[in-house]
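A.B. asks: Below are the sequence and a predicted model for it; my questions follow.
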Amino acid sequence: MSLPLYQRLAGTDEVRAFTFGTVRLVWVGPFLLLEGAEGAVPVRSATIIVRDVEFVASLVVASGGELLDGPMPGPNGRRLIARHSDGNVLEYIEDIHQSG
């Protein structure tokens with residue numbers, strides 16, 4: 001991972017590193033970077049940080065999408081992987097570090 005690039009892009013030196021299963025994750029500002037063996041990192045277009053993952057799940061389903069994984073607890077907040085009606089697969093993570 002090229003952390004200095006993402007730190008400069010995000011304008012922060014703060015890095016939160018953790019593992020989830022066999023995947024190593026690093027959170028730098030708005031970026032969530034994933035690293036793992038081939039096949040260990042699920043295919044998705046992006047990871048989006050949200051305030052309420054349940055609200056996102058209800059919108060995805062109401063718009064014709066499907067929930068692929070979750071909502072469920074994750075190491076940094078509840079998470080969800082969803083396929084939107086246009087076919088895009090996105091991960092949503094509820095940021096427990098956001099202030100109200």
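C.D. replies: Done, it's in.
A.B. asks: If you tally nearby residues, what's the number for Leu59?
C.D. replies: 12 (other Cβ atoms under 10 Å). C-beta: built from backbone N, CA, C; applies to glycine.
A.B. asks: Confirm it sits in a strand?
C.D. replies: No: assessed with DSSP: H, G, I helix; E, B strand; the rest coil, Leu59 is helix; it does not lie in a strand.
A.B. asks: Stretch 10-25: which residues count as buried?
C.D. replies: Arg24, Leu25 (16 or more other Cβ atoms under 10 Å).
A.B. asks: Output it as CSV - backbone C-alpha positions only.
C.D. replies: Output of stretch 10-25 as CSV, limited to C-alpha atoms (Å, rounded to 0.1, in the frame of the first residue of the first chain):
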residue,chain,number,x,y,z
ALA,A,10,-6.6,13.0,2.5
GLY,A,11,-4.6,15.7,4.2
THR,A,12,-4.0,13.7,7.3
ASP,A,13,-1.3,11.6,9.0
GLU,A,14,-3.9,9.5,10.8
VAL,A,15,-3.9,5.9,9.8
ARG,A,16,-6.2,3.2,11.3
ALA,A,17,-5.1,-0.3,10.4
PHE,A,18,-7.0,-3.5,11.2
THR,A,19,-7.8,-6.9,9.9
PHE,A,20,-11.1,-8.5,8.9
GLY,A,21,-10.8,-12.2,8.3
THR,A,22,-7.7,-12.6,6.1
VAL,A,23,-7.9,-9.0,4.7
ARG,A,24,-5.7,-6.2,6.0
LEU,A,25,-7.4,-2.8,5.9
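A.B. asks: Pull the distance from that stretch to the chain's centre.
C.D. replies: Stretch 10-25 sits 11 Å away from the centroid of its parent chain (Cα atoms, centre = their mean, to the nearest Å).
A.B. asks: Show me what the mean pLDDT comes to for it.
C.D. replies: Across stretch 10-25, pLDDT averages out at 86.
A.B. asks: Many thanks, we can stop here.
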